[in-house]
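Task: produce atomic coordinates for the following.
(chains A and B)
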Amino acid sequence: MSGRPPFYITTPIYYVNDVPHIGHAYTTIACDVMARFKRLDGFDVKFLTGTDEHGQKVEKSAKAAGIDPQAFTDKVSQNFRDLTGLLNISNDDFIRTTEPRHVTSVQALWRTLVENGEIYLGSYAGWYSVRDEAYYGEDELRTDDQGRKFAPTGAECEWVEELSYFFRLSAWTDRLLAFYEANPSFILPPGKRNEVMSFVKGGLKDLSVSRTTFDWGIPVPGDEKHIMYVWLDALTNYITAIGYPETGEGTPYAQYWPGAMHMVGKDILRFHTVYWPAFLMAAGLQPPTRVFAHGWWTVEGEKMSKSLGNVVAPAELLEKYGLDQTRYFLMREIPFGNDGDFSRRAMVTRINSELANGYGNLAQRFLSIIQKNCGAVVPTPGPFTEADNALLDAARGLLATLRAELDVQAFHKALDALWVVVGDANRYIDEQAPWALKKTDPARMATVLYVLAEAVRRVAILTQPFMPGAMAKVLDLLAVPEDARDFAHLDQALVPGTPLPPPQGVFPRHVEEAEGAA
RNA sequence: GGCAGCGUAGCUCAGUGGUAGAGCAGGGGAAUCAUAAUCCCUUGGUCGGGGGUUCAAAUCCCUCCGCUGCUACCA
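You can find the predicted model right below:
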């Protein structure tokens, strides 16, 4: 227990049947930036990611691979665990829906819902596509000359009737709308909130929450022929990880819930903003605080797809462009929440123009003057001029700006604000021209270099959430102690006389190698 | 079809009533500490078309064209 305010952030649990791609990396990196920012800002952070491992598709894939589902998921889940290492993700936990703690949690939630009269046994009938794992409405289907029915996806459908448990979602329409009204920033960005609200306003039907057509899932307590609906299973991971069903005082649940923020792709927005709050409220629990739906990346202007063969593997990017560069690009290139395009050209432009030329070169130029002319120690400043204070004030103002931007997940704006100060610093060094002061006024030169070092120290501390590796290097170059790199130490200025190591490039320029038209 | 949104400089976008903006790209210049990086100046738009309200519209209203999202159990 600590007095620090709690902050709980989650990625979706990734479906193990997928191969990790840039989209997974994007979601996870965004969460990592939030988590690191909040930690540096003094919050007690819990950051969760993991894998979703149940369902008919997994069962089939396992069968196709000739192994049992558990062995199969053990194997593929590791792909996502590896991804967190690759991306330097600071998650505190990695949950798998096949873990005992999760089975316990989901079954407890189920029992509570049953006790509360929110679940009843009914029967579900409709046109079902095995391939799509989905039911379709009569009006959606196409009938061929032999009377066979086909889904819009082209998959053949069959009439299926099965016993199923239902969740009384219809009863929650008004209470959900009231919840959205009372919590305007529950769903971000605002456009998505409107979509969800208009969907709910259209009225909700009860939701089938169990299946009997396959086995790979969590059994319904007391009626084990039934497997729980995948979303009831999957969504519950967010409270499993904080110890549900233990919710009493002093538990992680009591500490972190309901102050949770779920980061999701726009495709799974409804499950998180309609079903999930309804499940929770029906169980007498509170909905989370924030669900943010981000957009999708295209690649060189085209939709990413297996058939096009243009799926971008995270490892490939990291190898080619570097980890922090990739993290920076993904957070900077498009307004968070919008769709955007990933292009090699844009990537290289940002790396060279903003990282290498803008930031890296700035550090290199004043650090090398210090190295050569100030005895390789933090210079001793004299009185500050108006120009000095202007730059320092700009750097001092960043914390408030970043807090406000990250409060609504505006990562691109946060980076933009940081780079405004980088630009200020580049103008400042040109205007002050310390290389000229070297001969005319060494004391003034020392002041200018000190001001630059201080400004860059602040910028570097605040940029850590986005590029932890590179910023650690910058802070090393400024000899900032490792325990003085959180936001509480922003006002702890550099100490004149502190020895500085020889400067090293932090962001190398990216030079395209000659290569084929790949 | 219904609901919502978008269409502003070559590209990506900001700007929601008061003489059109940023970054990148293009052109010219300065400087030389630095990763041939930086800084300054600059070319460029009848703000999708048309109509209306207003002293004044990219900004409000109507209409047309084009594009996008959502429209339930498709990870």
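
Give me the spatial nearest neighbour of the closest residue to RNA strand B within the stretch 101-250 of chain A, chain neighbours excluded.
Residue nearest to RNA strand B within the stretch 101-250 of chain A: residue A:230 (2.6 Å; C-beta to the nearest atom of the strand). Every residue, glycine included, has its C-beta placed from N, CA and C. Once flanking residues are discounted, residue A:230 sits nearest to residue A:55: 5.0 Å by C-beta to C-beta, 6 or more residues apart in numbering.

Quick one: residues contacting the one you found.
When the contact criterion is C-beta atoms under 8 Å, 6 or more residues apart in numbering, the partners of residue A:55 are A:15, A:133, A:214, A:216-217, A:230.

Next, the buried residues of the one helix or strand residue A:195 maps to.
Secondary structure assigned from DSSP states H and E places residue A:195 in helix A:190-201. For helix A:190-201, a neighbour-count test (16 or more other C-beta atoms under 10 Å) marks A:192-193, A:195-197, A:200 as buried.

from those, which is closest to residue A:115?
residue A:200 (25.5 Å; C-beta to C-beta).

right, and the closest one touches residue A:176 too?
Yes - with contact defined as C-beta atoms under 8 Å, residue A:200 reaches residue A:176; the gap is 5.3 Å.

Now for these two: what residues contact both?
residue A:274.

which intervals of chain A have sub-threshold pLDDT?
A:1-2, A:130-141, A:151-153, A:513-518 (pLDDT under 70).

Taking it, what residue is nearest to RNA strand B?
For chain A, C-beta to the nearest atom of the strand, closest residue to RNA strand B: residue A:360, 1.9 Å.

circling back: would you mind putting the contacts of residue A:55 into CSV with distance to residue A:255 and neighbour count alongside?
Converted to CSV, the contacts of residue A:55 look like this (distance: C-beta to C-beta, whole Å; neighbours: other C-beta atoms under 10 Å):
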residue, distance to residue A:255, neighbour count
A:15, 29, 18
A:133, 37, 16
A:214, 37, 16
A:216, 33, 21
A:217, 30, 26
A:230, 28, 22
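
Adding secondary structure, write those out as TSV.
As requested, these are exported to TSV (DSSP: H, G, I helix; E, B strand; the rest coil):
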residue	secondary structure
A:15	strand
A:133	coil
A:214	coil
A:216	coil
A:217	coil
A:230	helix
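
Contacts for stretch A:321-334 next, please.
Contacting residues not belonging to stretch A:321-334 are listed as A:22, A:25-26, A:29-30, A:33, A:86-88, A:295, A:314, A:317-318, A:340-342, A:346-347, A:350-351, A:354-355, A:411-412, A:415-416, A:466-470, A:507, A:510 [C-beta under 8 Å, 6+ apart].

again, 7 Å this time
Contacts to stretch A:321-334, defined as C-beta atoms under 7 Å, 6 or more residues apart in numbering, come from residues A:26, A:29-30, A:33, A:87-88, A:317-318, A:340, A:346-347, A:350-351, A:355, A:411-412, A:415, A:466-467, A:469-470, A:510.

I'd like to know which of these are buried.
Taking 16+ other C-beta under 10 Å as the criterion, what is buried in the contacts of stretch A:321-334 is A:26, A:29-30, A:33, A:87-88, A:317-318, A:340, A:346-347, A:350-351, A:355, A:411-412, A:415, A:466-467, A:470, A:510.

re the thing from before, from memory the residue of the stretch 101-250 of chain A closest to RNA strand B sits against residue A:54, does it?
Yes - taking C-beta atoms under 7 Å as the definition, residue A:230 is a contact partner of residue A:54 at 6.0 Å.

residues shared between the contacts of the two?
residue A:217.

What distance do you get for the residue nearest to residue A:230 to residue A:74?
The gap separating residue A:55 from residue A:74 is 16 Å, by C-beta to C-beta, to the nearest Å.

now do residue A:414
In terms of C-beta to C-beta, residue A:414 sits 38 Å off from residue A:74.

Just give me the neighbour total for residue A:10.
Applying other C-beta atoms under 10 Å, we find 26 residues neighbouring residue A:10.

Could you look up the SS state of it?
Relying on three-state DSSP, one would call residue A:10 strand.

what sits against it?
When contacts are counted by C-beta under 7 Å, 6+ apart, residue A:10 is found next to A:48, A:238, A:260, A:262-263.

got those residues as CSV, with secondary structure columns?
Below are the contacts of residue A:10 laid out as CSV (three-state DSSP):
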residue, secondary structure
A:48, strand
A:238, helix
A:260, strand
A:262, strand
A:263, strand
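
what does the helix or strand where residue A:232 lies contact?
Per DSSP H and E, residue A:232 falls inside helix A:230-235. Identification of contacts with helix A:230-235 by C-beta under 7 Å, 6+ apart yields A:13, A:52, A:54-55, A:97, A:106, A:209, A:217-218, A:271, A:275-276, A:279.

8 Å - rerun?
Against helix A:230-235 from outside (C-beta under 8 Å, 6+ apart): A:13, A:52, A:54-55, A:97, A:106, A:109-110, A:167, A:209, A:217-218, A:271-272, A:275-276, A:279.

Any quick PyMOL command for the buried ones out of these?
In PyMOL, this line selects whichever of these come out buried by 16+ other C-beta under 10 Å:
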select buried, chain A and resi 13+52+54+55+97+106+109+110+167+209+217+218+271+272+275+276+279
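
out of the contacts of helix A:230-235, which touch RNA strand B?
Among these, the residues within reach of RNA strand B (C-beta under 7 Å from any atom of the strand) are A:52, A:54-55.

Pipe these into a markdown table and attach distance to residue A:389 and secondary structure per row.
Shown next, in a markdown table, are these (distance: C-beta to C-beta, whole Å; DSSP: H, G, I helix; E, B strand; the rest coil):
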| residue | distance to residue A:389 | secondary structure |
| --- | --- | --- |
| A:52 | 53 | strand |
| A:54 | 60 | coil |
| A:55 | 60 | coil |
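
quick one: contacts for residue A:266?
So residue A:266 contacts A:192, A:293-296 (C-beta under 8 Å, 6+ apart).
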